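A.B. asks: need a structure here:
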Amino acid sequence: MDSAGLRKTVMRSKKRPTKETRQRASDLRRNTTQPERILWSILRGKSLGGLKFRRQHAVDPYIVDFYCHEARLVIELDGESHEGQQAYDARREEFLRDLGLTVFRITNDDVLDNLEGVADAILRQARRLIPLPEPGLITHRARECGEGLGEGQ
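C.D. replies: Residues are numbered from 1 along each chain as shown. Reported below is the predicted structural model:
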């Protein structure tokens, strides 16, 4: 990519999301799905490898499920709402990659059935993007927050 293209990408990524996009993100944070709540329980509070994640983060005109600025990593949960939206998701993913973001997709079923494996996969992906310390995958606090969530809560 030439320097003009790089400047354009950096400028575009610094743009503040519109009021409408910020409001949609806020609404989504209030109306989360069960898999989103479960995954958030292990991502919030720097519980996973010391990384700070944001949920329902606006990258105008889109809203990503989870975002780690330090790693420039987008975590997207794919469930029923993504069925039949492959073309839209492809355009959206291309837009995010053009901003220099890495998009990592996880299915809702993986979160519900294999949370520890999902945590490990996210941490491995983040380590590819930035050097991270080697402490345990999930802190004790995150384990307490996530206990029982997969059992109908």
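A.B. asks: So which bits of stretch 73-85 are buried?
C.D. replies: 73-79 (16 or more other C-beta atoms under 10 Å). Every residue, glycine included, has its C-beta placed from N, CA and C.
A.B. asks: pLDDT weak spots in the protein?
C.D. replies: Applying pLDDT under 70 to the chain flags the ranges 1-15, 21-29, 81-83, 131-153.
A.B. asks: Surely I75 touches E36?
C.D. replies: No - counting by C-beta atoms under 8 Å, E36 is not a contact partner of I75; they are 10.2 Å apart.
A.B. asks: what do the two both touch?
C.D. replies: D65 (C-beta atoms under 8 Å, 6 or more residues apart in numbering).
A.B. asks: For the nearest residue to E93 once chain neighbours are set aside, give me its contacts.
C.D. replies: Leaving aside its chain neighbours, E93 sits nearest to V103 (5.0 Å; criterion: C-beta to C-beta, 6 or more residues apart in numbering). Residues in contact with V103 (C-beta under 8 Å, 6+ apart) are 74, 76, 93, 96-97.
A.B. asks: Tell me how far V103 lies from E20.
C.D. replies: Distance from V103 to E20, counting by C-beta to C-beta, to the nearest Å: 23 Å.
A.B. asks: Need the buried residues of stretch 73-85 in JSON lines (columns: secondary structure and distance to L123).
C.D. replies: Output for the buried residues of stretch 73-85, formatted as JSON lines (DSSP: H, G, I helix; E, B strand; the rest coil; distance: C-beta to C-beta, whole Å):
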{"residue": "L73", "secondary structure": "strand", "distance to L123": "10"}
{"residue": "V74", "secondary structure": "strand", "distance to L123": "15"}
{"residue": "I75", "secondary structure": "strand", "distance to L123": "11"}
{"residue": "E76", "secondary structure": "strand", "distance to L123": "17"}
{"residue": "L77", "secondary structure": "strand", "distance to L123": "17"}
{"residue": "D78", "secondary structure": "strand", "distance to L123": "19"}
{"residue": "G79", "secondary structure": "coil", "distance to L123": "22"}
